[in-house]
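Enquirer: Using only what follows, build the 3D model:
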Amino acid sequence: MTWQLATTCDKVAPDAPFAFSRGEQKVAIYQVGAEYYATDNVCPHAYALMTDGFVEGDKVECPLHGAVFHIPTGRCLGPPADCDLKTYPLKIEGSQVFIDLS
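Expert: Next up is the predicted model:
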């Protein structure tokens, strides 16, 4: 795995995911309870940033058309999207959040 520093834990909150970009790749980093997760930040249905969506518990709703996704798995839970969000491994070291985008 190729780990890179994405952010610090204090920049991610349960109701405010963190947007991380590397080149053209856009990733959303979420806090659900005491755990952190990363998914693609662009809805697969239509271009909208998931970090602009509504987070409730372990689900995020796309701000454009309301598709719902399970944050830990990226699984699509409701239309109009019909495919999942890609997920990425994260690790926490101290207060730093590292991501593997490979």
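Enquirer: CA only for contacts and neighbour counts going forward, please
Expert: Noted.
Enquirer: give me the element the spatially most central residue of the chain is part of.
Expert: Nearest residue to the geometric centre of the chain (C-alpha atoms, centre = their mean): Ala28, 3.1 Å. Under the criterion of DSSP states H and E, Ala28 resides in strand 25-32.
Enquirer: Distance from the chain centre to stretch 5-22, please.
Expert: In this view, stretch 5-22 has its centroid 9 Å away from the chain centroid, taken as C-alpha atoms, centre = their mean, to the nearest Å.
Enquirer: Show me which residues of it are buried.
Expert: For stretch 5-22, the neighbour count (16 or more other C-alpha atoms under 10 Å) marks Ala6, Thr7, Cys9, Val12, Pro14, Asp15, Ala16, Pro17, Phe18, Ala19, Phe20 as buried.
Enquirer: Stretch 46-65 now?
Expert: 48-55, 58-63.
Enquirer: Could you export it as PDB, CA atoms only?
Expert: Output of stretch 46-65 as PDB, limited to C-alpha atoms (Å, rounded to 0.1, in the frame of the first residue of the first chain):
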ATOM      1  CA  ALA A  46     -24.500  12.800 -11.900                       C
ATOM      2  CA  TYR A  47     -21.600  15.100 -11.000                       C
ATOM      3  CA  ALA A  48     -22.200  16.300  -7.500                       C
ATOM      4  CA  LEU A  49     -19.800  16.300  -4.500                       C
ATOM      5  CA  MET A  50     -20.800  13.900  -1.800                       C
ATOM      6  CA  THR A  51     -19.100  16.200   0.800                       C
ATOM      7  CA  ASP A  52     -21.900  18.700  -0.100                       C
ATOM      8  CA  GLY A  53     -24.500  16.100   0.700                       C
ATOM      9  CA  PHE A  54     -26.500  15.300   3.900                       C
ATOM     10  CA  VAL A  55     -24.800  12.900   6.300                       C
ATOM     11  CA  GLU A  56     -27.000  11.000   8.800                       C
ATOM     12  CA  GLY A  57     -25.300   8.200  10.800                       C
ATOM     13  CA  ASP A  58     -23.600   5.900   8.400                       C
ATOM     14  CA  LYS A  59     -25.400   7.200   5.200                       C
ATOM     15  CA  VAL A  60     -24.700  10.100   2.900                       C
ATOM     16  CA  GLU A  61     -27.300  11.600   0.500                       C
ATOM     17  CA  CYS A  62     -26.200  13.100  -2.800                       C
ATOM     18  CA  PRO A  63     -27.000  16.900  -2.800                       C
ATOM     19  CA  LEU A  64     -28.200  16.800  -6.400                       C
ATOM     20  CA  HIS A  65     -30.700  14.100  -6.900                       C
END
